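[1] Sequence first, then the predicted structure:
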Amino acid sequence: MRYLGLTCCVLVLAAIVASPASAAFPGRDGLLAVQPLSGSGLLLVNAHGGAQRRICTNRSRCGSPRNPRWSPDGRALAFQASTVHLIYPDGSCLNCQMGGAGTPAFTANPELVTFESGGALLEDAIDGIRKATVLEGTASDAVWSAGGQLALVRAGQVWAGIPHHLRRLGAGSSPSWSPSGAQIAIARKGWVVVVGLRRHSARRLVRGSTPAWSPDGRSIAFIGAGHDLRIVAASGGRARWVARVRGDAVDWQPLPSTPVAACAAPPGSTVIASSATAVVTGDSNPGNDAYMGCLRADGRERLLESFSNGEDDDTDVPMAAVGGGYAAIDNYYTDPHYGGSQATVAVFDLQTGAAVADRGGETVICSEDSSVCIAGISQLVVGSGGVSAADLTSALPPGSLTSPLAEISCPSSSFCAAVDGAGRVLTSIDPSGGGPDWTITPSSPFLTDVSCPSPSFCAGVGGTFIFTSTDPAGGAGTWTPTMVDTGTGSGILESISCPSASLCIADDDAGNVFTSTDPAGGAGTWTRANVDGTKGLGSITCPSPSLCVTIDSSGDAISSSEPTAGAGAWQTATVSGSPPQPASVSCPSTTLCVAVKGAPGEAFTSTDPTSGAPWASVVIPGIPEAVSCPSISLCLAVGQAGTLDVSTDPAAGAWTSTEIDGGQQLRSIDCASSSLCVAGDAVGNVVISSNPTGGPAAWTPALVDGNPCSAQTWCTTEDIVASDGTGVHMLDTITAPGMGSMLTGLTLTGSTLAWGHAGTPESATLAP
């Protein structure tokens, strides 16, 4: 026999300690997991052909499963599709989000999985966090014995032994350890061959392929002629068919003789929430984090969230809560490069591991421009039915007396809604009346953009949620969240435009648009279409159901005359040939669109925005950040140093410039008509004009977003926000100097939520 010395390999002994019931793996004989010859999913069947059932038949979730392999405790299956999947025997996911790799297999520790990827045999915990590189070099069919030995195939040869000292057993494929670890069954030249490791013996057993040793050691299942599933005694003899099942691969489930530890966390993970009914754990390595939840009643670990973090984004879970069969986790996002942070509550059903679409959504935001702002969740509870509540905290440093008004939407002269840098909504039913006529909805519903086609309907985006309200001036409790931007290829929602209450279109930073003809109807009413690859989209405007335009990160216009007709109804036109991308776009009609960008200032126009033709460009005096065109004969752009650029003939490219608002940076503008325009600046003022072409004197600033704290101290805002069957609700808020907590003792007992407001008991009843 030759030996293969792999001195570069890493052997992590702690990762391969034998468990009481280990894979190949000794125990009582359980079910056979078969990769069926035809049809979807995997087939489970007992050794006599009974109890047949198919699992994981949903191709969108499971793909086409190949090479199923049981865990050493028989509780889970690993298989290869387009990605590695770990599932339970009922087909539900343990972890269906692992990356693409070949022939996964459990080690002797049921919390660890190995697979081939990138020319190496790698080892991950069941949560997908990398633990070790077991071997360098291309290999396949790697499987483990109960004693921690490894068998694999290289260049058509089977090798076996401890990972750093493998011995060649000769030609073959599909190795399967005997439960004792003393023999290996392999496929060789059309035969199932049993190789003894101590005496170096080899004997032909039966014609067939892909053998799987039974956990009791007495039998071997294999795929015979015509892809028939068969079983033969390990000592030899006549093989028998298993209910005429046909397949391409098989593995045999071990049933442990001793109880299996419930909710066994992946190695290296830590508990971040625990109760008598459930537990949530977290695990990480550089650049990756994963979080598992487990319901103690069934003992099944399930992946809830995983994140790959980079230079411009870092997401982890600093806090979680469990209650009944649910877990609530604090998804805390920070941007290390540009600043800003966001904490959002997500609720999961621990029986399935799935996010509960109509629960959670409590969010607090510090925008990119507020890099010194501190935002987070200080208390979190979850209970029966997935109801949850959080104490949301945001703190601004000394001197941060105001917040920029980032977005404004004014459908009429009698209503405006705005969003500030902390994600708060401000509304006014008399926008020109000055500061006292504007009302702040503190910290909720945490929007980054808002669109109001009428005073009785507004929609906004924040994170991965779309929020809608039929009473936007009525406070936080009138806004209903819908999580729509999830799944592979999705990103963070950037902007939204609603030409009416029966049509809204949103976009994200991953090239997707989302459309709904019933925006308040829930997640099922929204349709996603990828219209621009992976490019970021932003500043969408839809003046009517027959025109939508958004600008991407390359400076191109992505437009459609049928925005609900799918990806094929959107086309691309060049707007700006150089960075930065245009910051804002406005289309007063289907025959005119105007976009602006700063440094240097430029305006871009198109009189046929859906034609795909390049847009015309003209230099303008200011450095604009936002544009609004109430008609084809009037456009206004605002930007840095209080500049206001005005054109009464934007298609011809004639613009004049002036300064308003004392030179403050202007962030947003919307004109309900040519006789009412409202701009927002970087220090919390709205700047209003009923004669927007009348020069600086025609514009009046009014402070609407001031901070009650002095310039000499930090200022903290706390909000108690709850999510239940009727939506997301602001229940309490307090703003005070300093950084101490004024809302304390948040508890949830049944449906009763209780907390203390500066020492005074408060409570609310949540709906299931």
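    Yep, that arrived.

[2] can you pull out the helices in the stretch 351-500 of the chain?
    In the stretch 351-500 of the chain, no helices are defined using DSSP state H, counting those that start in this stretch.

[3] all strands of it, in order?
    For the stretch 351-500 of the chain, applying DSSP state E, counting those that start in this stretch gives strands covering 354-355, 363-366, 374-382, 388-396, 405-412, 415-420, 425-428, 439-441, 449-454, 457-462, 465-469, 480-483, 493-500.

[4] Those strands: which one's closest to T643?
    strand 405-412 (16.4 Å; Cβ to Cβ). Any C-beta I mention is one placed from the backbone N, CA and C, and that applies to glycine too.

[5] For the closest one, give me every contacting residue.
    367, 416-421, 426, 431, 447-455, 458, 667-672, 676, 678-681, 684-686, 704-705 (Cβ atoms under 8 Å, 6 or more residues apart in numbering).

[6] how about JSON lines for the strands of the stretch 351-500 of the chain, with mean pLDDT added?
    Shown next, in JSON lines, are those (pLDDT from 0 to 100):
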{"stretch": "strand 354-355", "mean pLDDT": "94"}
{"stretch": "strand 363-366", "mean pLDDT": "85"}
{"stretch": "strand 374-382", "mean pLDDT": "94"}
{"stretch": "strand 388-396", "mean pLDDT": "91"}
{"stretch": "strand 405-412", "mean pLDDT": "94"}
{"stretch": "strand 415-420", "mean pLDDT": "93"}
{"stretch": "strand 425-428", "mean pLDDT": "92"}
{"stretch": "strand 439-441", "mean pLDDT": "82"}
{"stretch": "strand 449-454", "mean pLDDT": "96"}
{"stretch": "strand 457-462", "mean pLDDT": "93"}
{"stretch": "strand 465-469", "mean pLDDT": "91"}
{"stretch": "strand 480-483", "mean pLDDT": "84"}
{"stretch": "strand 493-500", "mean pLDDT": "96"}
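
[7] Make TSV out of these and add distance to D316 and mean neighbour count.
    What follows is the strands of the stretch 351-500 of the chain, written out as TSV (distance: least, Cβ to Cβ, whole Å; neighbours: other Cβ atoms under 10 Å):
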stretch	distance to D316	mean neighbour count
strand 354-355	17	15
strand 363-366	16	28
strand 374-382	12	22
strand 388-396	16	26
strand 405-412	26	23
strand 415-420	26	26
strand 425-428	28	25
strand 439-441	28	19
strand 449-454	26	23
strand 457-462	20	28
strand 465-469	20	27
strand 480-483	20	24
strand 493-500	21	23
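
[8] P267 versus G147, what's the distance?
    Here G147 is placed at a distance of 18 Å from P267 (Cβ to Cβ, to the nearest Å).

[9] Helices of this protein, start to end?
    Using DSSP state H, the helices of the chain run over residues 59-62.

[10] Flag the shaky bits of it, pLDDT-wise.
    Within the chain, the stretches with pLDDT under 70 are 1-24, 261, 311-312, 367-372, 398-402, 442-445, 475-477, 485-487, 706-712.

[11] who touches T643 in this structure?
    With contact taken as Cβ under 8 Å, 6+ apart, T643 is in contact with 601, 621-624, 657-659, 666.

[12] Test of understanding: give the bridge partners of it.
    E659 (DSSP bridges).

[13] still on that earlier bit, got CSV for the strands of the stretch 351-500 of the chain, with distance to G522 too?
    As requested, the strands of the stretch 351-500 of the chain are exported to CSV (distance: least, Cβ to Cβ, whole Å):
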stretch, distance to G522
strand 354-355, 14
strand 363-366, 18
strand 374-382, 21
strand 388-396, 18
strand 405-412, 23
strand 415-420, 22
strand 425-428, 21
strand 439-441, 22
strand 449-454, 19
strand 457-462, 13
strand 465-469, 10
strand 480-483, 6
strand 493-500, 16
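
[14] H48 is nearest to which of the ones you listed?
    From those, taking Cβ to Cβ, the stretch that ends up closest is strand 354-355, at 34.7 Å.

[15] contact partners of that closest one?
    304, 346-348, 483, 486.

[16] What residues sit buried inside stretch 639-647?
    639-640, 642-647 (16 or more other Cβ atoms under 10 Å).

[17] May I have the distance across that stretch, first residue to last?
    15 Å (Cα to Cα, to the nearest Å).

[18] what do you get for stretch 46-60?
    So stretch 46-60: terminal residues 27 Å apart, Cα to Cα.

[19] Tell me the spacing between A155 and F115.
    19 Å.

[20] These two: who's more crowded?
    Legend: neighbour count by other Cβ atoms under 10 Å for A155 and F115, higher for F115 (22 against 9).

[21] Correct me if wrong: the more buried one contacts H85.
    No. The pair F115 / H85 is not scored as a contact, 11.2 Å apart, by Cβ atoms under 8 Å.

[22] Can you name the residues bridging to A417?
    Under the criterion used (DSSP bridges), A417 bridges to S409, T427.

[23] Now do the same contact list for it.
    Here A417 is in contact with 408-410, 425-427, 450, 452, 458, 472 (Cβ under 8 Å, 6+ apart).

[24] Could you chop this structure up by domain?
    Domains of the chain are assigned by automatic domain parsing as 3-255, 295-398+711-765, 405-703.

[25] To S274, which of those domains lies closest?
    domain 295-398+711-765 (6.9 Å).

[26] follow-up on the earlier one: of all the domains of the chain, which one comes closest to V280?
    domain 295-398+711-765 (4.3 Å).

[27] how long is the closest one end to end?
    26 Å.

[28] Equivalent analysis for stretch 702-714, please.
    24 Å.

[29] Could you do stretch 627-640 as well?
    13 Å.

[30] distance between that stretch and the chain's centre?
    36 Å (Cα atoms, centre = their mean, to the nearest Å).

[31] Could you list the buried residues of it?
    627-630, 632, 634-640.

[32] for the nearest residue to G353 once chain neighbours are set aside, what are its contacts?
    Nearest residue to G353, sequence neighbours excluded (Cβ to Cβ, 6 or more residues apart in numbering): R302, at 3.1 Å. The contact partners of R302, by Cβ under 8 Å, 6+ apart, come to 92-95, 292-294, 350, 352-353.

[33] Show me those residues that map onto strands.
    Members of the contacts of R302 lying in strands (criterion: DSSP state E): 93-95, 292-294.

[34] and which of those is nearest T564?
    C93 (32.0 Å).

[35] what's the burial count for the closest one?
    19.

[36] same thing with G653?
    15.

[37] Isn't it up against T607?
    No. G653 is beyond contact range of T607, at 11.8 Å (criterion: Cβ under 8 Å).

[38] so who does G49 touch?
    242-245.

[39] any idea how far Q35 is from G740?
    60 Å.

[40] same check, this time on G386
    31 Å.

[41] out of the two, which sits in the busier spot?
    Between G386 and G740, counted using other Cβ under 10 Å, G386 has the larger neighbour count: 24 against 10.

[42] number of nearby residues for the spatially closest residue to that one that is not a sequence neighbour?
    In this structure, G386 finds its nearest non-sequential neighbour in R359, 4.0 Å apart by Cβ to Cβ, 6+ apart. Using other Cβ under 10 Å, R359 has 25 other residues around it.

[43] For R359, give me its contacts.
    By Cβ under 8 Å, 6+ apart, the neighbours of R359 are 326, 347, 386-388, 723-724.

[44] where along the stretch 1-150 of the chain do the strands fall?
    3-5, 28-36, 42-45, 53-55, 66-70, 77-80, 84-87, 93-95, 102-106, 112-117, 120-125, 130-136, 140-144, 150-154.

[45] which one of the ones in strands among the contacts of R302 sits closest to G756?
    G293 (29.1 Å).

[46] And that closest one, how far from T344?
    G293 is 17 Å from T344, by Cβ to Cβ.

[47] neighbours around D141, how many?
    22.

[48] Kindly report the same for H164.
    16.

[49] Same question for H48.
    Counted by other Cβ under 10 Å, the residues lying close to H48 total 10.

[50] Go ahead and confirm it touches V242.
    Yes. Assessed by Cβ under 8 Å, H48 is found in contact with V242 at 7.4 Å.
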